[in-house]
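Asker: sequence? don't have it. structure:
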């Protein structure tokens with residue numbers, strides 16, 4: 001089996017899309033270009049071949065290719081010194097054992113060969129268990145601690161050979177088998193008609209050199225012995241796909257940094273889209289963890305301290321923290337372009353892609369360099385020290401027959417972004433240094449208006465962008481649909497998984513929305529879909545409602561995740577139709593409730609403070625009932641008042657009388673039983689209202705009317721026809737809503753409203769007809785002020801802002817808050833992040849940059865407090 005690994009992979013078939021979020025738009029990695037590495041030398045192979053593997057020793061560069069031989073280059077003069085021959089298939093992997101000065105090579109011929117790097121002669125041939133049934137041997141890793149070479153095989157097995165009991169001079173009697181005759185090199189001429197044997201060898205074992213000093217191998221020197229991997233050193237079906245790559249912790253590669261650790265770990269990557277982490281010992285391997293990367297085959301691995309980087313088939317790099325056993329970031333290099341190799345220099349990650357490009361990423365996951373390194377595919381890479389030990393070289397190999405040597409050094413970048421560099425908060429911090437602001441600038445640029453069908457594609461693109469954004473920040477994420485994908489905008493689901501422990505972690509569900517209302521240009525001082533900064537505020541449609549708060553919560557989780565301090569699971573449910581009544585959200589959540597799992601609390605951030613300079617915490621919302629009333633005559637069309645006026649009852653007159661019957665002269669609602677269950681504010685509530693009156697200069701009675709008392713509103717009355725003074729409309733439609741409060745029963749009030757409207761119309765004894773429909777309802781919500789997590793959120797606000805937050809209620813409604821409480825049997829918490837003058841839904845919507853950043857910090861404090869308190873599900877669900 002001599003096929004090349006990148007040809008074995010299944011093709012990537014993109015999902016059909018009308019428009020897609022481009023890789024550049026979706027990526028959260030800022031383009032902070034520093035000096036691009038300079039090309040030092042190009043080593044060109046003769047003929048057309050692919051450089052599949054590269055490794056270096058103190059004096060040499062070794063390259064394995066499709067051509068079966070291993071080329072040996074002097075790493076000072078870059079001249080070809082010799083070629084190591086023996087393999088009969090492509091050389092797929094090379095590994096250097098510095099402690100023994102051995103070179104390991106694995107091939108499509110199902111053998112591993114061991115070479116002495118001092119004498120450049122073969123030492124051993126290692127046959128995997130079952131020999132050729134193991135297929136191509138894609139990957140190698142050498143552990144100096146256990147003197148063991150690990151082998152990743154095409155037949156999905158993981159094998160190893162331990163050299164501990166093998167003398168460096170002569171193999172011990174039980175460790176090897178005699179040299180077998182090779183079908184090609186140990187064969188007789190065809191005229192001899194004899195089977196191959198060792199006596200058939202022709203030519204000296206000592207290689208001769210040509211006039212240029214290059215080694216000429218008539219027949220490769222024979223290795224000392226052939227070694228067989230014993231059955232006990234095999235894990236069959238270690239993966240459900242080819243084992244393409246390996247990496248050890250601590251790493252033995254130049255340029256990598258290692259954290260102090262007692263154990264030796266082996267990471268393996270496979271075509272089954274998983275990484276596995278194994279604990280190495282003198283007796284074998286123990287599986288510790290299986291990690292599903294969800295982005296195609298794992299083609300390359302590299303480590304830094306306790307961080308594992310996995311290069312994936314679809315152009316993503318997944319970043320896994322071995323201490324907390326969580327993903328902490330995903331890097332989008334270029335979607336759909338395989339990442340075939342990874343290398344590290346300190347904290348700089350180098351990625352090598354199938355389009356010939358190399359990119360360098362900093363420890364903040366920003367792209368600091370990007371260049372075209374090869375004309376074809378970059379297949380292999382390694383970082384090595386230069387002649388000066390303080391200098392480093394990057395060596396790359398491609399399918400253009402070339403090996404290239406680059407000067408590299410730790411990147412020094414100025415983290416600025418021209419478009420965001422003028423955004424500075426009150427503390428002097430630039431927005432260009434802030435991933436939150438960078439992400440927000442991209443998010444608001446998508447006009448995800450949900451109020452009509454035309455921009456539905458923009459809503460879908462916003463969902464796709466947000467899914468990728470949350471994944472890059474470290475969450476697992478996906479879009480959820482009801483039965484028909486075309487019926488409703490998708491719901492984005494994500495989970496930031498806290499550090500894995502033996503005890504169940506608290507699980508908090510954040511609810512938000514990515515859709516916005518329309519933004520006609522009239523009244524806007526800047527483009528509503530471009531983030532603009534003025535006087536400490538960020539302006540754009542959705543910046544306050546709800547894209548800014550949503551990203552602040554996500555970035556808070558990401559920061560804690562990278563700092564290894566996230567002790568909770570933070571879930572996200574972000575819908576795309578909140579501004580149009582959350583149609584489809586309930587059914588979608590119920591359909592995927594098993595995926596979401598158990599939830600201990602709901603967190604919402606979808607409102608503002610009651611005052612400009614004093615923080616708030618929201619503990620109540622009114623419910624709402626939206627009703628449409630239509631009265632129609634028997635006439636099929638509108639008529640003229642000069643001709644038909646007074647001839648029959650007019651629908652407009654009936655509508656006026658029906659609507660007038662809803663309230664009395666004091667504006668009290670006349671629906672029977674409407675006020676019967678309204679909760680009267682207690683002493684504590686009244687005291688809070690008096691305190692707020694002093695702070696906000698608004699009468700306590702006015703605040704109570706907005707928050708604690710029910711209300712009826714007539715939004716519109718519209719007749720059919722051209723609306724001129726001579727037309728009698730054949731039909732008239734009105735929109736009516738009720739705001740309800742504790743302890744009014746939603747269904748009871750809704751039924752009473754419909755019945756009252758019909759009874760009022762029936763009392764007119766009109767020949768016209770009435771139609772009453774309830775289009776949307778939402779229950780009221782009242783938080784538990786004594787719940788320990790409400791107290792924790794309140795304390796987080798106080799500690800961050802240095803002021804006691806005001807406890808406030810809202811007159812508006814968020815339909816999904818009471819639904820989520822009931823669906824998951826847990827309390828909701830509401831954190832206002834903006835100010836009272838943010839003008840959500842109005843021109844020049846804005847959000848204070850300081851509020852956004854402090855809001856993110858409040859979330860971090862809250863999550864830390866919840867993690868410290870542990871699960872309080874019994875109290876939460878009482």
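Answerer: Nice, thanks for sending it over. Since we're looking at a predicted model, the values are computed, not measured.
Asker: from here on, just use CA atoms for contacts and neighbour counts.
Answerer: OK.
Asker: can you show me the helices along the stretch 701-850 of the chain?
Answerer: Secondary structure of the stretch 701-850 of the chain (DSSP state H, counting those that start in this stretch): helices at 746-762, 788-801, 816-824, 849-869.
Asker: which among those helices is found nearest to residue 234?
Answerer: helix 849-869 (41.4 Å; Cα to Cα).
Asker: quick one: residues in contact with that closest one.
Answerer: For helix 849-869, the surrounding residues in contact (Cα atoms under 8 Å, 6 or more residues apart in numbering) are 425-426, 505-506, 536-538, 548-549, 552-553, 555-557, 560, 565-568, 789, 792-793, 796-797, 800-801, 833-835.
Asker: residue 317: what's it in contact with?
Answerer: By Cα under 8 Å, 6+ apart, the contact list for residue 317 reads 309, 310, 311, 330, 331, 332, 333, 339.
Asker: could you rerun that using 10 Å?
Answerer: Taking Cα atoms under 10 Å, 6 or more residues apart in numbering, we find residue 317 in contact with 293, 295, 298, 300-301, 308-311, 329-334, 339, 342, 351, 472.
Asker: now, these that are in strands?
Answerer: Among the contacts of residue 317, the residues falling in strands (DSSP state E) are 298, 300-301, 308-311, 329-332, 339, 342, 351.
Asker: give me the buried subset of the residues you listed.
Answerer: 298, 300-301, 308-311, 329-332, 339, 342, 351 (16 or more other Cα atoms under 10 Å).
Asker: buried subset of the contacts of helix 849-869?
Answerer: Among the contacts of helix 849-869, the ones that count as buried (16+ other Cα under 10 Å) are 425, 505-506, 536-538, 548-549, 552-553, 555-557, 560, 565-568, 789, 792-793, 796-797, 801, 833-835.
Asker: and the helices in the stretch 301-450 of the chain, which stretches?
Answerer: 435-443.
Asker: okay, now the unreliable bits of the stretch 501-650 of the chain?
Answerer: Confidence mapping of the stretch 501-650 of the chain against pLDDT under 70 gives the ranges 642-645, 647.
Asker: residue nearest the centroid of this structure?
Answerer: Central residue of the chain (Cα atoms, centre = their mean): residue 471, 0.2 Å from the mean position.
Asker: got a list of what it touches?
Answerer: Per Cα under 10 Å, 6+ apart, neighbours of residue 471: 318, 327-332, 465, 477-478, 494-496.
Asker: skip the chain neighbours and tell me the closest residue to residue 738.
Answerer: Nearest residue to residue 738 in three dimensions, chain neighbours excluded: residue 712, at 4.6 Å (Cα to Cα, 6 or more residues apart in numbering).
Asker: does that neighbour touch residue 667 like I think?
Answerer: Yes: counting by Cα atoms under 10 Å, residue 712 does reach residue 667; the two are 8.7 Å apart.
Asker: between the two, which one's more packed in?
Answerer: A direct count of neighbours by other Cα atoms under 10 Å for residue 712 and residue 667 places residue 712 higher, at 17 against 10.
Asker: and of the buried ones among the ones in strands among the contacts of residue 317, the nearest to residue 54?
Answerer: The shortest approach to residue 54 among those belongs to residue 342, at 12.2 Å (Cα to Cα).
Asker: which non-adjacent residue is nearest that closest one?
Answerer: residue 351 (4.9 Å).
Asker: cool, and residue 845?
Answerer: residue 839 (4.8 Å).
Asker: show me what contacts that neighbour?
Answerer: Contacts of residue 839 (Cα under 10 Å, 6+ apart): 541, 544, 545, 608, 845, 846, 847.
Asker: can you tell me which two in the residues you listed are farthest apart?
Answerer: Across these, the longest distance by Cα to Cα is 15.4 Å; it joins 541 and 608.
Asker: which one of those two is surrounded by more residues?
Answerer: Ranked by neighbour count (other Cα under 10 Å), residue 541 and residue 608 place residue 541 first, with 34 against 25.
Asker: in three-state terms, label the more buried one for me.
Answerer: Following DSSP: H, G, I helix; E, B strand; the rest coil, the label given to residue 541 is coil.
Asker: cool, and residue 657?
Answerer: Secondary structure assignment for residue 657 (three-state DSSP): helix.
Asker: return the distance of it relative to residue 712.
Answerer: Distance of residue 657 to residue 712, given as Cα to Cα, to the nearest Å: 16 Å.
Asker: same question for residue 576.
Answerer: Here the distance between residue 576 and residue 712 works out to 28 Å (Cα to Cα).
Asker: now render the helices of the stretch 701-850 of the chain as CSV, adding distance to residue 410.
Answerer: As requested, the helices of the stretch 701-850 of the chain are exported to CSV (distance: least, Cα to Cα, whole Å):
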stretch, distance to residue 410
helix 746-762, 63
helix 788-801, 36
helix 816-824, 49
helix 849-869, 30
